[in-house]
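Colleague: kindly return the folded structure for what I paste below:
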Amino acid sequence: PDSFCQKHGTAVSPMDRHAGYDVVFTSGATEGFRIIAERFPWMSSSSDCGCHSTAAAAMTRTTQQRQPRSILMYATNSHNSVVGMRQLAMRQGAIFYSCDMEQLEQMTAQDLKALEEKLL
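Modeller: Predicted coordinates:
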């Protein structure tokens, strides 16, 4: 990032705001989403097909009877690159859930908990 910032006259400090995170430049959105999906620490606890849901926010749930499990959640009308993350997440044992953007925007923490209970 330093050489990129220096070359383009950009200050380095905006690139270094969050300790523990790196800036990665990719050729486009598809490659960026693929890199995220491949490196995300998906959690798996069962052997079902995972066909409930996957997307932009991953959640995990722990109960006395269940182990933590990731859910990839995304808007139904998401870019194909986001939808493509689904297969990579499922290979690691995550499940996915898609819903329309309006529903996603209106979800409260309580709604997310109820959805998590239903899916896991």
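
Colleague: low-confidence bits of this protein, can you list those?
Modeller: 1-17, 46-67 (pLDDT under 70).

Colleague: can you rerun that using 90?
Modeller: Residue ranges of the chain with pLDDT under 90: 1-25, 44-69, 119-120.

Colleague: tell me where it has strands.
Modeller: 57-59, 71-75, 95-99 (DSSP state E).

Colleague: closest one to Ala37 among the ones you listed?
Modeller: Among the strands of the chain, the nearest to Ala37 by Cβ to Cβ is strand 71-75 (8.0 Å). For glycine as for every other residue, the C-beta is placed from the backbone atoms N, C-alpha and C.

Colleague: note down every partner strand of that closest one and its orientation.
Modeller: strand 57-59 (antiparallel), strand 95-99 (parallel) (DSSP bridges).

Colleague: returning to what we had before: any idea which of the strands of the chain is most buried?
Modeller: The highest mean neighbour count among the strands of the chain, using mean count of other Cβ atoms under 10 Å, belongs to strand 71-75: a mean of 24.

Colleague: what is the neighbour count of Pro68?
Modeller: Residues near Pro68, counting by other Cβ atoms under 10 Å, number 13.

Colleague: I'd say it and Met43 touch.
Modeller: Yes - shown here, Pro68 and Met43 form a contact pair, counting by Cβ atoms under 8 Å, at 4.6 Å.

Colleague: what's around Ser27, how many residues?
Modeller: With other Cβ under 10 Å as criterion, Ser27 counts 7.

Colleague: what about it, distance to Glu38?
Modeller: 15 Å (Cβ to Cβ, to the nearest Å).

Colleague: contact partners for His79?
Modeller: Ala29, Phe33 (Cβ atoms under 8 Å, 6 or more residues apart in numbering).
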